[in-house]
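[1] Task: produce atomic coordinates for the following.
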Amino acid sequence: QVQLVESGGGLVQVGGSLRLSCAASGRTFSRYHMGWFRQAPGKEREFVAAISGNGFRIYYADSVKGRFTISRDNAKNTVYLQMNSLKPEDTAVYYCAADVSFMMIKPSEKTEYVYWGQGTQVTVSS
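    The predicted structure follows:
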């Protein structure tokens, strides 16, 4: 069982920045491929970014490319999402998730991820 705890959400103005963190339990964090998803009110949960266990492969949704950066520190069992140039449409609850399969096959698919955090709210005000 893997527990994921997100933090770092909050209220920020348009153009501002936030860094989300997701701390994971367990001693095999480096084996987990990690993803960030978000869900706005009345909308489906959507993919934001993903990173392989060794950090060598990184994927982004087109809507956040160039503005968001995913990274991980396996020594701290933590994955990060640096969000810059925030827009009102980035407002959502952000979730981190763990894919425990051997290889990342479909990093943007929710069904690839077994464990999910409780989410952290990000609100971008104009």
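
[2] those helices in the chain, which residues are they?
    For the chain, helices defined by DSSP state H do not occur.

[3] Could you find the residue nearest the spatial middle of it?
    Residue closest to the average C-alpha location in the chain (Cα atoms, centre = their mean): Trp36, at 2.1 Å.

[4] wait, isn't that residue in contact with Tyr94?
    Yes: contact criterion Cβ atoms under 8 Å: Trp36 and Tyr94 qualify, at 6.2 Å. (Each C-beta comes from the backbone N, C-alpha and C, glycine too.)

[5] okay, and the common contacts of these two?
    Counting by Cβ atoms under 8 Å, 6 or more residues apart in numbering, the contacts common to Trp36 and Tyr94 are 20, 48, 81.

[6] Neighbour-wise, which one of those leads?
    Leu81 (27 neighbours; other Cβ atoms under 10 Å).

[7] so what pLDDT did Met34 get?
    What the model reports for Met34 is a pLDDT of 98.

[8] Give me the nearest residue to Met34, chain neighbours excluded.
    Closest residue to Met34 in three dimensions, ignoring its sequence neighbours and counting by Cβ to Cβ, 6 or more residues apart in numbering: Val79, at 4.3 Å.

[9] try Glu6
    Thr120 (4.1 Å).

[10] And the strands in the chain, which stretches?
    Listed in chain order, the strands of the chain (DSSP state E) span 4-7, 10-13, 18-24, 33-39, 46-51, 58-60, 68-73, 78-83, 92-99, 115-116, 120-125.
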